[in-house]
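Student: Return a 3D structure for these sequence lines:
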Amino acid sequence: MRINVNLDEKVSNELVELTKISKTSKSELVREALNELYLKEKRAKENLIFFIDLFNKGVITKDLLFLLLPRNDAEAIIIGAKFGKEGADFVKETDY
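Tutor: Model (predicted):
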């Protein structure tokens with residue numbers, strides 16, 4: 001696949017500098033950066049699912065979530081768990 005990327009002057013200069021320092025092609029550096037971002041996002045998603053599971057099982061508390069995760073992620077897990085439990089209770093009450 002062939003992709004054209006428009007970079008601002010600062011990023012373009014940094015990429016040129018990196019190619020000189022690392023003796024690696026621009027395309028290889030971009031591939032490495034994309035791969036790193038992909039792996040980082042994949043790990044973050046897996047970690048979030050892991051923490052959701054631990055919280056839902058009661059293994060970790062709200063306070064521990066706030067210590068281990070960014071505030072927005074901790075709040076999302078707590079709110080999601082609350083609505084999930086309310087939904088489960090509703091389904092049990094209505095015999096669905």
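
Student: in stretch 41-56, what counts as buried?
Tutor: Applying a neighbour-count criterion of 16 or more other CB atoms under 10 Å, one finds 51-52, 54-55 buried in stretch 41-56. (Each C-beta comes from the backbone N, C-alpha and C, glycine too.)

Student: how about the helices of the chain, start to end?
Tutor: For the chain, the helices defined by DSSP state H cover 9-22, 26-56, 62-68, 71-94.

Student: can you tell which of those is closest to Arg2?
Tutor: Proximity to Arg2 (CB to CB) singles out helix 26-56 among these, at 9.9 Å.

Student: Of the helices of the chain, give the one that comes closest to Ile3.
Tutor: helix 26-56 (8.7 Å).

Student: and that closest one, what other elements does it pack with?
Tutor: Contact partners of helix 26-56 among helices and strands, from 3 or more CB pairs under 8 Å, 6 or more residues apart in numbering; DSSP states H and E: helix 9-22, helix 62-68, helix 71-94.

Student: follow-up on the earlier one: take the buried residues of stretch 41-56 and write them to a markdown table, including pLDDT and distance to Lys10.
Tutor: Below are those laid out as a markdown table (pLDDT from 0 to 100; distance: CB to CB, whole Å):
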| residue | pLDDT | distance to Lys10 |
| --- | --- | --- |
| Phe51 | 90 | 36 |
| Ile52 | 89 | 38 |
| Leu54 | 91 | 41 |
| Phe55 | 90 | 41 |
